[in-house]
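Engineer: what shape does this take:
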Amino acid sequence: MRPAAEDPPRELRGLLLDIGGVVHSTAMHLVGRLAETEPAMKPVLERIGGIASDRDELWQQMLSGQVTERDYWARRAEEFGAAVGQPWDTRAMMHRLYELPRHYWLRAEMVDLMSEAKAAGLRLGALTNDMTAFHGPGWVEQQEHLRLFDVIVDASLTGVMKPDPRAFRQGAEALGLPAEQIVFLDDMPWNAEAARQAGMAAVQVPWDDPGPAIDTARNLLGLPPRQPDADPNPDQP
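Structural biologist: I've put the predicted structure just below:
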């Protein structure tokens with residue numbers, strides 16, 4: 001009896017990245033850091049039970065689909081802004097969060113992955129739901145690391161948000177590659193699963209330790225391993 005034929009290894013020629021929670025540390029971590037300089041935020045954090053925690057009822061509603069992620073952050077921005085005596089919307093809060101020192105929020109190892117993918121001749125793209133909506137076009141244009149991307153597909157501008165299958169089709173079309181040739185990284189499990197359903201090699205990035213996901217992406221793309229002395233978790237002091 002002849003052995004069953006194995007599927008041939010796929011040729012992976014592109015890297016597609018979410019931004020918040022992947023290239024940038026998630027706002028969940030940055031809120032706590034901002035509260036260190038804005039102590040009036042701390043009672044709100046205590047009442048919530050911690051951003052995105054099991055006790056954060058609004059976050060749990062977001063996870064179950066009762067509210068959107070944009071609605072979640074708009075509500076939290078309003079609460080934190082009221083605590084510090086300012087009328088914050090989501091963009092105003094994000095502006096304050098990303099005024100923190102860059103090493104708190106820009107994941108250097110992810111930027112290394114981006115740079116090495118480009119140097120290896122791979123196509124590099126971003127597929128984000130909220131970057132322009134949360135930060136504004138001026139901030140986006142000022143970020144030098146974002147210029148590494150060959151393409152940026154932002155649902156703030158296209159109107160098609162992950163995990164809608166059309167978003168992944170748009171990402172693949174923008175890269176000029178079939179979905180089966182793309183490695184995709186996202187911090188939200190439903191987005192990673194939707195990317196898998198679309199045919200991509202999807203990797204979920206844990207908020208607290210992105211290192212293993214970076215290792216997986218490097219291995220899939222045939223890139224050299226990370227340097228052993230690199231810090232996989234820039235969110236820690």
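
Engineer: run through this protein and note the low-pLDDT ranges.
Structural biologist: 1-9, 228-237 (pLDDT under 70).

Engineer: distance of Ala201 from Leu127?
Structural biologist: As for Ala201, its distance to Leu127 is 14 Å (criterion: C-beta to C-beta, to the nearest Å). Where C-beta positions appear, they are placed from N, C-alpha and C, glycine not excepted.

Engineer: which neighbours do the two share?
Structural biologist: Overlap of the contact sets of Ala201 and Leu127 (by C-beta atoms under 8 Å, 6 or more residues apart in numbering) consists of Phe184.

Engineer: of the two, who's got more company?
Structural biologist: With neighbours defined as other C-beta atoms under 10 Å, Ala201 and Leu127 compare such that Leu127 has more, 30 against 22.

Engineer: check which helix or strand that one maps to.
Structural biologist: In the assignment (DSSP states H and E), Leu127 maps to strand 123-128.

Engineer: name the residues of the longest helix seen in the chain that are buried.
Structural biologist: Identified as the longest helix of the chain according to DSSP state H is helix 69-83. By neighbour count with 16 or more other C-beta atoms under 10 Å, helix 69-83 contains the buried residues 70, 72-74, 76-81, 83.

Engineer: tell me the secondary structure at Val153.
Structural biologist: Of the three states, Val153 takes strand under DSSP: H, G, I helix; E, B strand; the rest coil.

Engineer: just checking, it touches Ala167?
Structural biologist: Yes. With contact defined as C-beta atoms under 8 Å, Val153 counts as touching Ala167 (7.4 Å).

Engineer: mutual contacts of these two, please.
Structural biologist: Counting by C-beta under 8 Å, 6+ apart, the residues touching both Val153 and Ala167 are Leu127.

Engineer: tell me where the chain has strands.
Structural biologist: 14-17, 123-128, 151-154, 182-186, 201-204 (DSSP state E).

Engineer: and the second one, what other elements does it pack with?
Structural biologist: Spelled out, it's strand 123-128. Applying 3 or more C-beta pairs under 8 Å, 6 or more residues apart in numbering; DSSP states H and E, we find strand 123-128 packed against strand 14-17, helix 108-119, strand 151-154, helix 165-175.

Engineer: can you give me the neighbour number for the residue nearest to Tyr98 when sequence neighbours are not counted?
Structural biologist: With C-beta to C-beta, 6 or more residues apart in numbering as the criterion, Tyr98 has its nearest non-adjacent residue at 6.0 Å, and that residue is Trp105. A count of nearby residues for Trp105, using other C-beta under 10 Å, gives 21.
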